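J.: Kindly generate the corresponding structure for this input.
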Amino acid sequence: MNPLLVIDGDSFAHRAYHAIPKTLRRSDGGPGNMLFGFGTMLVRLWQGERPRTVLAAWDTLDVPTYRHEALAAYQSGREFDAELLAQLDLLPALVASSGLAYAKAPGYEADDFLGAAVATEEGAGGTVLVATSDRDAFQLASAKTTILQPVRGEAPARIGPAEVRERYAVDPEQVPDFIALRGDPSDRIPGARGIGPKKAADLLAQYGSLDAMLGEGRFAAEAEALRLYRKIATLDRAAPLPSLPDVDPDWGAAAAHARELGMNGLAGRFEEAASSS
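T.: Predicted structure coming up:
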């Protein structure tokens with residue numbers, strides 16, 4: 001059986017927005033660079049991997065998650081251009097126009113849907129490809145799940161358990177503990193005082209888990225905070241998912257939708273994909 005392909009929609013959308021010139025506009029003059037870049041990426045991933053279907057996962061930016069409520073500093077200071085947000089709102093429908101699935105729900109981040117899809121697909125005996133630039137997803141790597149990490153100008157890097165150990169010196173299941181100890185500047189997770197990545201990995205090699213460290217009296221003054229950081233770094237594998245039957249994308253319908261958006265260049269990309277299917 002072909003793998004399920006799960007795409008971190010926000011991750012790839014942001015990459016597209018910053019990689020494609022903002023001079024690329026829709027026929028009405030509106031912004032189109034993110035739409036073009038994401039749509040092109042979707043076609044390339046499909047053609048390169050030939051999955052049984054695709055799930056694109058999205059954040060809901062206007063509703064806080066339990067992470068934001070539990071840690072006031074979480075992801076604080078992030079500000080997005082109006083043209084980025086305008087295109088981001090259009091992307092789930094663009095994915096759906098091809099017949100492929102997407103997941104988006106208040107209170108959940110895209111990462112949570114990645115975790116839920118992996119848990120569901122592995123539980124059914126399938127394999128998964130997770131396309132994301134977010135290294136939090138390294139916790140999902142397993143014998144059945146491979147992370148596809150984008151590399152500029154090259155094919156995606158394929159990250160399995162061995163590559164996680166090579167990069168971080170921890171096992172995939174230790175990644176949330178590793179993040180809790182080391183911290184994550186991009187998400188404003190402070191981590192343990194004075195602990196960098198090497199020390200965090202050394203401690204996990206010695207103790208096996210954050211719980212074991214706390215049980216031995218390590219980080220007593222920070223124990224509650226570290227447990228919170230780990231919870232924040234752990235993907236919610238119970239996030240709600242749509243049904244995911246096998247689907248061959250209808251690139252012709254996606255092309256029609258792109259033309260409605262005033263994206264004739266993207267429509268052409270979809271039409272090329274339809275003719276080569």
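
J.: tell me the contacts of the residue nearest to Thr234 when sequence neighbours are not counted?
T.: Using C-beta to C-beta, 6 or more residues apart in numbering and skipping residues adjacent in sequence, the residue nearest Thr234 is Pro176, 4.4 Å away. Placement of C-beta: from N, CA and C, glycine included. Pro176 makes contacts with 139, 230, 233-234, as judged by C-beta atoms under 8 Å, 6 or more residues apart in numbering.

J.: Quick one: find the helix or strand in this protein with the lowest mean pLDDT.
T.: helix 66-70 (a mean of 70; mean pLDDT, DSSP states H and E).

J.: Buried residues, the next helix or strand along the chain from it. List them.
T.: Following helix 66-70 in sequence order, the next helix or strand is helix 82-88 (DSSP states H and E). Residues of helix 82-88 classed as buried: 83-84, 87-88 (neighbour count, 16 or more other C-beta atoms under 10 Å).

J.: what does stretch 142-153 give?
T.: In stretch 142-153, counting by 16+ other C-beta under 10 Å, buried: 142, 144-150.

J.: Show me which of these is closest to Pro249.
T.: Leu148 (17.6 Å; C-beta to C-beta).

J.: Which secondary structure elements does the helix or strand containing that closest one sit against?
T.: Assigned by DSSP H and E, Leu148 belongs to strand 145-151. With contacts taken as 3 or more C-beta pairs under 8 Å, 6 or more residues apart in numbering; DSSP states H and E, strand 145-151 sits against strand 128-131, strand 154-159.

J.: Strand partners (parallel or antiparallel) of the first one?
T.: Looking at strand 128-131 with DSSP bridges, its paired strands and their directions are strand 4-8 (parallel), strand 145-151 (parallel).

J.: Make JSON lines from these and add mean pLDDT and distance to Ala103 to it.
T.: Formatted as JSON lines, the strands paired with strand 128-131 follow (pLDDT from 0 to 100; distance: least, C-beta to C-beta, whole Å):
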{"stretch": "strand 4-8", "mean pLDDT": "98", "distance to Ala103": "9"}
{"stretch": "strand 145-151", "mean pLDDT": "96", "distance to Ala103": "17"}
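
J.: In CSV, list these along with distance to Thr127.
T.: CSV is the format used below for the strands paired with strand 128-131 (distance: least, C-beta to C-beta, whole Å):
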stretch, distance to Thr127
strand 4-8, 7
strand 145-151, 7
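
J.: quick one: which of these is nearest Met263?
T.: Of all these, strand 4-8 comes closest under C-beta to C-beta, at 18.9 Å.

J.: Would you mind measuring from Tyr102 to Leu244?
T.: Applying C-beta to C-beta, to the nearest Å, the value for Tyr102 to Leu244 is 11 Å.

J.: Find the residues that touch each one of the two.
T.: Leu55.

J.: can you list the weak-confidence ranges in the stretch 1-150 of the chain?
T.: 68-78 (pLDDT under 70).

J.: brain fart, the stretch 151-277 of the chain
T.: Using pLDDT under 70, nothing in the stretch 151-277 of the chain is flagged.

J.: related to what we said a few turns ago, report the inter-axis angle for the strand holding Leu148 versus strand 154-159.
T.: Relative orientation of strand 145-151 and strand 154-159, computed by axes from the mean of the first three to the mean of the last three C-alpha atoms, to 10 degrees: 140 degrees.

J.: Isn't Ala201 up against Ile179?
T.: No. Using C-beta atoms under 8 Å, Ala201 makes no contact with Ile179, being 11.6 Å away.
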